[in-house]
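Chemist: Show me how the following folds:
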Amino acid sequence: MDMIVETYAACMDTCAHILYETDFQGRPSAMEQLRDGLLSKFIAMCEVELQKNVYSQFIVGEHMSIADVVLASFIFNVLKNEEGPFERVFFRVLVKFPFFNQYVKRMQNVFSMQLKQRKRH
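Modeler: Got it, this is the predicted structure:
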């Protein structure tokens, strides 16, 4: 799990670098490089974990953990955010990982239910 955490951090750092330090013309190739390298590695690592826990709804164990919250944050703020710059480039890599895609759908359902059931202030 430590390698997943380290690779996640490297993906987030690279996303931030692309957004804040890469000139506009260089962004498409930087995003493709991230997609084909580090991001593919990260999702492949998650895929292996999900295959190990095939009967679990979550990435580690039977209950939602901080790992699921962090991963969902990355999924829905970076990978699947239609208003963000990455979704159009990264969607291609997702089709290669069926367990990860199933996990994305489960997390979408879980968090959608959480939002519907939360108390309003």
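Chemist: what pLDDT does the spatially most central residue of the chain get?
Modeler: Of all residues in the chain, the one closest to the mean position by C-alpha atoms, centre = their mean is I75, 3.4 Å from it. pLDDT recorded at I75 is 94.
Chemist: Could you pull up phi and psi at Q57?
Modeler: Phi and psi for Q57, reported as degrees, to the nearest 10, are phi -80, psi -20.
Chemist: got it, and the one 3 residues further on?
Modeler: Note on V60: backbone dihedrals following degrees, to the nearest 10 are phi -140, psi 110.
Chemist: give me every residue that touches it.
Modeler: Residues in contact with V60, defined by C-beta atoms under 8 Å, 6 or more residues apart in numbering, are 1, 49, 53, 67-68. For glycine as for every other residue, the C-beta is placed from the backbone atoms N, C-alpha and C.
Chemist: and which of those is nearest R120?
Modeler: D68 (23.8 Å; C-beta to C-beta).
Chemist: Show me the helices in the protein, by range?
Modeler: 2-21, 27-34, 40-52, 66-74, 87-94, 98-117 (DSSP state H).
Chemist: What helices and strands are in contact with the last one?
Modeler: Taking 3 or more C-beta pairs under 8 Å, 6 or more residues apart in numbering; DSSP states H and E as the contact definition, the neighbouring helices and strands of helix 98-117 are helix 40-52, helix 66-74, helix 87-94.
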